[in-house]
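1. Quick check, what structure comes out for this input:
(one chain, ligands or ions: 1)
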Amino acid sequence: MLFGGHVSGGVKAAPERAGEIGANALQLFVQSPRAWRFPNHDPEVLGGFAERARSAGIEATIVHAIYLCNFASPDDELYGKSVATLGSTVDTACAIGADGVVFHVGSHLGSGFEAGLKRAVPALEQVLERCSDTTWLLVENSAGTGGTIGRSLEELAMIVERLDVHPRLGICLDSCHLWASGYDVTDPSALDELLDRFDALIGLDRLRVLHVNDSQTELGSNRDRHANLGEGLIGDKLSVFLGNRRLQDLPAIVETEGQQGKGADEVEMRKLRALWKKGTRRTRAPARKRGSSARRPAARGTRGSRSRGRRSG
Ligand SMILES: [Zn+2]
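-> Numbering: from 1, shown residues only. Just a heads-up that it's a prediction; the model follows:
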């Protein structure tokens, strides 16, 4: 697993910031998240990004599209701005060599799931054409607030299917949003069921990024309120999510406020690693029934160092 945070600083300073907090993966915005205006990035800054990230020890870079975007909106102006912005975001992500662009589909604002999907599909088709072989478009699951699309695996699967199972379309699962939309990520067997179902409906090879956040609101609340790690209702049990065997090849990105309210920091990164350690200790413990495992060799190597390896392709 790679350990990352959403950091400030944009294309100019995010790699250095991520390195400072002890991350080996990073997520960033490539424009101010509060405004539509897309900056004219200096091509030299974009061209040098990958090398700066490498020297800061960063092994995975994810761009997050701004939250103003809504691809399911019945409003033409908002829809048009959303498509243009995501297009520019993808172009910038390709220019810096990012692994993916995470975005929220948005809300149908009362027009219904099917109507929202009919709006989103052609928008995303256009944007997918701008992705490169190594920079994917990643749909994030929603907390289920209002008419947001992507609240369940079934909805995510429907998006993938309607986009003809595009080879550069993937998924980002957020632990807080899963919890808020009713998936108990603190229960090992519920989490296993969730991943079985993900694999059956979508295919686990499309799961490319994890967002690791605690939640201020209860299971199934449909409210999107991130809490600092260990300070919300998921608490220590976030270790179950982080420790799951099938999630070990992924970058895990913290998107919390941190101690100063300024985003992921050293403290959050330390907590992230500690929770992962706790969770992987659990999954390394013999889970099989006595007898069936008696003759199995004990050597399991050092999972920590082995799982650092980045997934390829
Ligand atoms: Zn998220």
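2. where along the chain do the strands fall?
-> Assigned strands in the chain, in chain order: 2-6, 25-28, 60-64, 100-103, 136-140, 169-174, 207-211, 214-215, 226-227, 251-254 (criterion: DSSP state E).
3. Turn those into CSV, columns for mean pLDDT and mean neighbour count.
-> All C-beta atoms are positioned from the backbone trio N, CA, C, and that covers glycine. CSV is the format used below for those (pLDDT from 0 to 100; neighbours: other C-beta atoms under 10 Å):
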stretch, mean pLDDT, mean neighbour count
strand 2-6, 98, 26
strand 25-28, 98, 27
strand 60-64, 98, 25
strand 100-103, 98, 26
strand 136-140, 98, 24
strand 169-174, 98, 25
strand 207-211, 98, 23
strand 214-215, 95, 26
strand 226-227, 92, 20
strand 251-254, 98, 28
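4. interface residues of the stretch 201-313 of the chain facing the ion?
-> Contacts of the stretch 201-313 of the chain with the ion, taken as C-beta under 5 Å from the ion, map to H211.
5. Mind listing residues that contact stretch 256-276?
-> Residues from elsewhere that reach stretch 256-276, judged by C-beta atoms under 8 Å, 6 or more residues apart in numbering: 1, 3-8, 20-23, 212-214, 226-230, 236, 238-239, 242-243, 252-255.
6. dump the residue contacts of V90.
-> By C-beta under 8 Å, 6+ apart, the residues touching V90 are V101, V127, R130, C131, T135, L137.
7. Give me the neighbour count for the second one.
-> Right, the one you point to is V127. Neighbourhood size, V127 [other C-beta atoms under 10 Å]: 25.
8. swap in the fifth one?
-> Other residues within reach of T135 by the criterion other C-beta under 10 Å amount to 24.
9. so D91 makes contact with R130?
-> Yes: counting by C-beta atoms under 8 Å, D91 touches R130, with 6.1 Å between them.
10. Roughly how far does the one residue in the stretch 201-313 of the chain that gets nearest to the ion sit from E16?
-> Per C-beta to the ion, the residue of the stretch 201-313 of the chain with the smallest distance to the ion is H211, at 3.5 Å. As judged by C-beta to C-beta, to the nearest Å, H211 and E16 stand 22 Å apart.
11. Hmm, the residue of the stretch 201-313 of the chain closest to the ion is touching C172, no?
-> Yes: proximity of H211 to C172 meets the contact threshold set by C-beta under 8 Å, at 6.1 Å.
12. Find the residues that touch each one of the two.
-> The contact lists of H211 and C172 share V102, E140, where a contact means C-beta under 8 Å, 6+ apart.
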